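> model the structure of this input:
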Amino acid sequence: MELPLVVGVDGSESSLRAVDWAADEAALHGVPLRLVNASMWERYEGAALADDLGRPSERVMAENIVGTAAERARRRDPDLKIQTDILPEDTVSALLSEGRNASALVTGSRGRSGIAEMLLGSVSLAVAARADCPVFVIRGNHDPRGGTHRRIVLGVDEPPEGSAAVRFAFREAERRRAALHAIRAWRRPAHEAADHPLVAADAARYHEGRAMEILEAALREAVADHPTVELHRATTEGPARMVLMDASAAADLLVVGAQRRHGHFGLQLGRVAHAVLHHSVCPVAVVPQRA
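Got it, this is the predicted structure:
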């Protein structure tokens, strides 16, 4: 059975941009697009009470939201299989539940209550930090139709070798016929700083070499499985979050991994993933990896 690509829609401009992006992504992968709106309208209001009070119910608003999103997706691809649903739950719980039977989840960067587009909304952050499936958070103003750079950036963390994020990035690059830029950031520990330039240079070469070893080990299996992907490797000195945020300015998608620990119910998102979700210039894919 084809698992759908699930998009959370709330009527905001951010979520409508996510619908555009998700419609193209679903068509690219040949999977259904599922549009869901979630709120606690039933618990606090209920359709019958709303009708008695002579005002539009939240249910009617939700139907309008998913209907508008579905029509927008159909305009992008008339052949796309589209499902819609209205869920009387809190948004985070609903999307996390949907993610258990989805190929991926897609959210905008801000909801209707968003104040600053630059920062990530609480719903998108919670979903990206807890979902069982990959989560796309649609940031930036790139045209989603085919991308503008034909470049995907992958942030490579420590092994495990052949991590879920690496495999995901290679599959996306292959589907999009995009170049994949795999980046491993490195830093020399402060206590190794030395006044003598030769000592400092030796330390830098060591850490850069170690970064390349980690990068090669992480990519080895995926390179063999996806020989047609145009791959660029880079080791860059600096904080990983800054290196990846800079790289996102010339990318159509930034892919990062996130460890998921069994039995842990809080936010499971490393500092690097957290930072790029707030500040990336392009859409971000957070790919869970079970520890």
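
> in a strand, that's where E2 is, yeah?
No. Going by DSSP: H, G, I helix; E, B strand; the rest coil, the assignment for E2 is coil, not a strand.

> so what touches stretch 82-98?
By C-beta atoms under 8 Å, 6 or more residues apart in numbering, the residues outside stretch 82-98 that reach it are 4, 6, 8, 10, 32-43, 59, 62-63, 66-67, 69-70, 73-74, 105, 107, 111, 123, 126-127, 130-132. In short, each C-beta sits where N, CA and C put it, glycine included.

> what comes up buried for that stretch?
Neighbour counts over stretch 82-98 (16 or more other C-beta atoms under 10 Å) mark 82, 84, 86-89, 91-92, 94-98 as buried.

> so which of the residues you listed belong to strands?
82, 84, 86-87 (DSSP state E).

> ranges for the strands of the stretch 1-150 of the chain?
Listed in chain order, the strands of the stretch 1-150 of the chain (DSSP state E, counting those that start in this stretch) span 5-8, 33-38, 82-87, 104-108, 135-138.

> mind putting the ones in strands among the buried residues of stretch 82-98 into TSV with pLDDT and distance to R139?
TSV is the format used below for these (pLDDT from 0 to 100; distance: C-beta to C-beta, whole Å):
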residue	pLDDT	distance to R139
I82	98	24
T84	97	25
I86	93	26
L87	92	25
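
> how many neighbours does the closest residue to D225 other than its chain neighbours have?
Nearest residue to D225, sequence neighbours excluded (C-beta to C-beta, 6 or more residues apart in numbering): F170, at 7.1 Å. Using other C-beta atoms under 10 Å, F170 has 23 other residues around it.

> over to R260?
For R260, using other C-beta under 10 Å, the count is 17.

> tell me the bridge partners for the closest residue to it other than its chain neighbours.
Among residues not flanking R260 along the chain, P288 sits closest, at 4.7 Å (C-beta to C-beta, 6+ apart). Note on P288: beta-bridge partners by DSSP bridges are A258.

> correct me, but P288 touches V256?
No. In this structure P288 lies outside contact range of V256 using C-beta atoms under 8 Å: 10.8 Å.

> between these two, who's got more neighbours?
The residue with more neighbours, out of P288 and V256, is V256; 28 against 23, by other C-beta under 10 Å.

> remind me what the longest helix anywhere in the chain packs against, helices and strands.
The longest helix of the chain (DSSP state H) is helix 197-225. In terms of contacts (3 or more C-beta pairs under 8 Å, 6 or more residues apart in numbering; DSSP states H and E), helix 197-225 is packed against helix 164-176, strand 179-186, strand 231-237.

> dump the longest one to PDB, restricted to CA.
Presented in PDB, the C-alpha positions along helix 164-176 are these (Å, rounded to 0.1, in the frame of the first residue of the first chain):
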ATOM      1  CA  ALA A 164      18.600   7.000   7.700                       C
ATOM      2  CA  ALA A 165      19.300  10.600   6.900                       C
ATOM      3  CA  VAL A 166      22.000   9.700   4.500                       C
ATOM      4  CA  ARG A 167      19.800   7.100   2.700                       C
ATOM      5  CA  PHE A 168      17.000   9.600   2.600                       C
ATOM      6  CA  ALA A 169      19.100  12.400   1.100                       C
ATOM      7  CA  PHE A 170      20.400  10.100  -1.700                       C
ATOM      8  CA  ARG A 171      16.900   9.000  -2.600                       C
ATOM      9  CA  GLU A 172      15.700  12.600  -2.800                       C
ATOM     10  CA  ALA A 173      18.600  13.600  -4.900                       C
ATOM     11  CA  GLU A 174      18.000  10.600  -7.200                       C
ATOM     12  CA  ARG A 175      14.300  11.400  -7.700                       C
ATOM     13  CA  ARG A 176      14.900  15.100  -8.200                       C
END
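
> make residue 1 into 528 and carry on from there
Sounds good: first residue 528 from here, last item helix 691-703.

> list the buried residues for it?
So for helix 691-703, counting by 16+ other C-beta under 10 Å, buried means 691-693, 695-697, 699-701, 703.

> lowest-pLDDT helix or strand in the chain?
Scoring the helices and strands of the chain by mean pLDDT, DSSP states H and E places helix 574-579 at the bottom, with a mean of 51.
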